[in-house]
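**Student:** Fold the following.
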Amino acid sequence: MDLGLRGRTALITGGSKGIGFGVAKSLAAEGCDLRLASRSAETLAEAADAIAKAHQVRVETHAVDISRSESVEELVAAGPLPDILVNNAGAIPGGDLQAVDEATWRQAWDLKVFGYINMTRRFYGLMKQRGHGVICNVTGLAADKTDFNYIAGTTGNAGLNAFTRALGGQSVEDGVRVFAVSPGPVQTERLIGLLKTRCRQETGSDEGWRDYMSAMPMARAAKVEEVADVVAFLVSGRASYVSGTVLTVDGGFGSRGGSFSR
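**Tutor:** Now for the predicted structure:
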């Protein structure tokens, strides 16, 4: 299926690793030019090089910290105005209410919650002036599968889902679609690292880290591509009637007992 993305431009935050990099590759395969933003210039350069070798698309990189509001203006100034914005940067730490102190909580939300909001506010306004645009917020299953031991992430993701629904319900009147994709556990470097750490703590070795995915659907986490391809379809014109909603990609995990955070 041709998604009609050739010649379009997408700005992806957290675009050098994990889901963000997966989305970048999926969009590049459709001929979409890219602007990738992340904190690390080194990982950005590696990501851009890998994509440029595989696909004939333009890839620009921006080493910025989205938790700083000034970074939003830097991205605007760097141009061009993207057709698509994918808010993806952020990793909220685990812990219960007493374990996550105020400073840690605020720092995490500055990146994933206020980072998303600030990026959306600025680019939505520009897209509205232009008359078209698409904004996808990558949130997380903890918004619905609430977790006592991931309280900052549960609360932040729930807020972003509500933010998305509130904005996307009306944004189409301005020519801008806004929606969210909410993944369950995804086999990223971060998840693998967390599982290996847990395995070492509990067994003294990280060899059995895959066993911790046995309770997940199909006894595994989602592949990055399984989330990225959903994002690619939804930001395309093939999904032109999708706005103000949250699409969960979790293999049914949210309908089961137990918990896991993203």
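
**Student:** Just the buried positions in stretch 150-164, please.
**Tutor:** 150-161, 163-164 (16 or more other C-beta atoms under 10 Å). Placement of C-beta: from N, CA and C, glycine included.

**Student:** And stretch 36-47, by the same measure?
**Tutor:** 36, 37, 38, 39, 43, 44, 47.

**Student:** any idea which helix or strand comes after the helix or strand containing residue 120?
**Tutor:** Per DSSP states H and E, residue 120 falls inside helix 102-130. In the C-terminal direction, the helix or strand that comes right after helix 102-130 (DSSP H and E) is strand 133-138.

**Student:** Mind giving me the packing neighbours of that following strand?
**Tutor:** helix 18-29, strand 84-87, helix 102-130, helix 151-171, strand 176-183, helix 224-235 (3 or more C-beta pairs under 8 Å, 6 or more residues apart in numbering; DSSP states H and E).

**Student:** For the ones you listed, state which one has the densest average packing.
**Tutor:** strand 84-87 (a mean of 28; mean count of other C-beta atoms under 10 Å).

**Student:** Given it, what are its sheet partners and their directions?
**Tutor:** strand 9-13 (parallel), strand 133-138 (parallel) (DSSP bridges).

**Student:** before we move on, the earlier item: return the closest of the buried residues of stretch 36-47 with respect to residue 235.
**Tutor:** residue 36 (15.1 Å; C-beta to C-beta).

**Student:** What does the closest residue to residue 223 other than its chain neighbours show for phi and psi?
**Tutor:** Spatial nearest neighbour of residue 223, excluding adjacent residues (C-beta to C-beta, 6 or more residues apart in numbering): residue 187 at 6.1 Å. Main-chain torsions, residue 187, degrees, to the nearest 10: phi -80, psi 70.

**Student:** 12 is where my numbering starts, stick with that
**Tutor:** Shifting the count to begin at 12 puts that one at residue 198.

**Student:** neighbours of residue 198, just the number please.
**Tutor:** Neighbours of residue 198 under the rule other C-beta atoms under 10 Å: 18.

**Student:** Per-residue pLDDT of it, please?
**Tutor:** At residue 198, the model reports a pLDDT of 92.

**Student:** Please apply the same query to residue 266.
**Tutor:** 88.

**Student:** Residue 271 now?
**Tutor:** At residue 271, pLDDT is 49.

**Student:** would a markdown table of the strands paired with strand 95-98 with mean pLDDT, distance to residue 80 and mean neighbour count be doable?
**Tutor:** Output for the strands paired with strand 95-98, formatted as a markdown table (pLDDT from 0 to 100; distance: least, C-beta to C-beta, whole Å; neighbours: other C-beta atoms under 10 Å):
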| stretch | mean pLDDT | distance to residue 80 | mean neighbour count |
| --- | --- | --- | --- |
| strand 20-24 | 98 | 14 | 26 |
| strand 144-149 | 98 | 18 | 26 |
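
**Student:** Residue 229: which of the ones you listed is closest?
**Tutor:** Of all the strands paired with strand 95-98, strand 144-149 sits nearest to residue 229, with 21.3 Å by C-beta to C-beta.

**Student:** what about that closest one, distance to the chain center?
**Tutor:** 10 Å (C-alpha atoms, centre = their mean, to the nearest Å).

**Student:** From residue 36, how far off is the residue nearest to residue 234?
**Tutor:** Separation of residue 198 from residue 36 (C-beta to C-beta, to the nearest Å): 15 Å.

**Student:** which residues touch residue 247?
**Tutor:** 14, 15, 16, 41 (C-beta atoms under 8 Å, 6 or more residues apart in numbering).

**Student:** hmm, which of those residues are the buried ones?
**Tutor:** 14, 16, 41.

**Student:** List the residues that contact the residue positioned nearest the centre of the chain.
**Tutor:** Residue closest to the average C-alpha location in the chain (C-alpha atoms, centre = their mean): residue 99, at 2.7 Å. The contact partners of residue 99, by C-beta under 8 Å, 6+ apart, come to 23, 24, 25, 26, 30, 31, 34, 149.

**Student:** residues in contact with residue 116?
**Tutor:** Here residue 116 is in contact with residue 163 (C-beta under 8 Å, 6+ apart).
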